[in-house]
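Q: next comes the sequence, and after it the predicted model I'd like to discuss.
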Amino acid sequence: MMAAGTLTRADLAESLHREVGLSRADAARLVEQILSHMCEALAKGENVKISGFGSFILRDKGERVGRNPKTGVEVPIAPRRVLTFRASQMMRDRIVSAG
């Protein structure tokens, strides 16, 4: 099995340049605009769903009591908003078949 690499913004822009024919500058700008738009939507409290890929879902977690695993001391954990990603069924199927 091949070692897993990391797909970067630059890799996405390079793919747009090669496969769509955009200039490198336009491809980089397009990647930035898409990511920026997604970030703005999430910051406003909207979920982001990309059909065939997955959903970025915001969840509000209430205050709870946690425990320091080393000392056993209980500490309050403040309420917060967390971001989760749920892959679409199509994406999950592709990952399983590629493994």
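A: Thanks, I have it.
Q: other residues contacting the longest helix seen in the chain?
A: In the chain, taking DSSP state H as the definition, the longest helix is helix 24-43. If you take C-beta atoms under 8 Å, 6 or more residues apart in numbering as the criterion, helix 24-43 is touched by 9-10, 12-14, 16-17, 20, 22, 47-48, 56, 58, 83. All C-beta spots, glycine's among them, are computed from the backbone N, C-alpha and C.
Q: list the buried residues of that helix.
A: Within helix 24-43, the residues that qualify as buried are 27, 28, 30, 31, 42, counting by 16 or more other C-beta atoms under 10 Å.
Q: could I have it exported to PDB, CA atoms only?
A: Provided in PDB are the C-alpha atoms of helix 24-43 (Å, rounded to 0.1, in the frame of the first residue of the first chain):
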ATOM      1  CA  ARG A  24      -1.700  29.200 -12.800                       C
ATOM      2  CA  ALA A  25      -2.700  32.500 -11.300                       C
ATOM      3  CA  ASP A  26      -6.400  32.100 -12.200                       C
ATOM      4  CA  ALA A  27      -6.400  28.600 -10.900                       C
ATOM      5  CA  ALA A  28      -4.900  29.600  -7.600                       C
ATOM      6  CA  ARG A  29      -7.300  32.500  -7.300                       C
ATOM      7  CA  LEU A  30     -10.300  30.200  -8.000                       C
ATOM      8  CA  VAL A  31      -9.200  27.700  -5.300                       C
ATOM      9  CA  GLU A  32      -8.800  30.600  -2.800                       C
ATOM     10  CA  GLN A  33     -12.300  32.000  -3.700                       C
ATOM     11  CA  ILE A  34     -13.900  28.600  -3.200                       C
ATOM     12  CA  LEU A  35     -12.200  28.000   0.100                       C
ATOM     13  CA  SER A  36     -12.900  31.500   1.200                       C
ATOM     14  CA  HIS A  37     -16.600  31.200   0.300                       C
ATOM     15  CA  MET A  38     -16.800  27.900   2.300                       C
ATOM     16  CA  CYS A  39     -15.100  29.500   5.300                       C
ATOM     17  CA  GLU A  40     -17.500  32.500   5.300                       C
ATOM     18  CA  ALA A  41     -20.500  30.200   5.200                       C
ATOM     19  CA  LEU A  42     -19.200  28.200   8.100                       C
ATOM     20  CA  ALA A  43     -18.400  31.300  10.100                       C
END
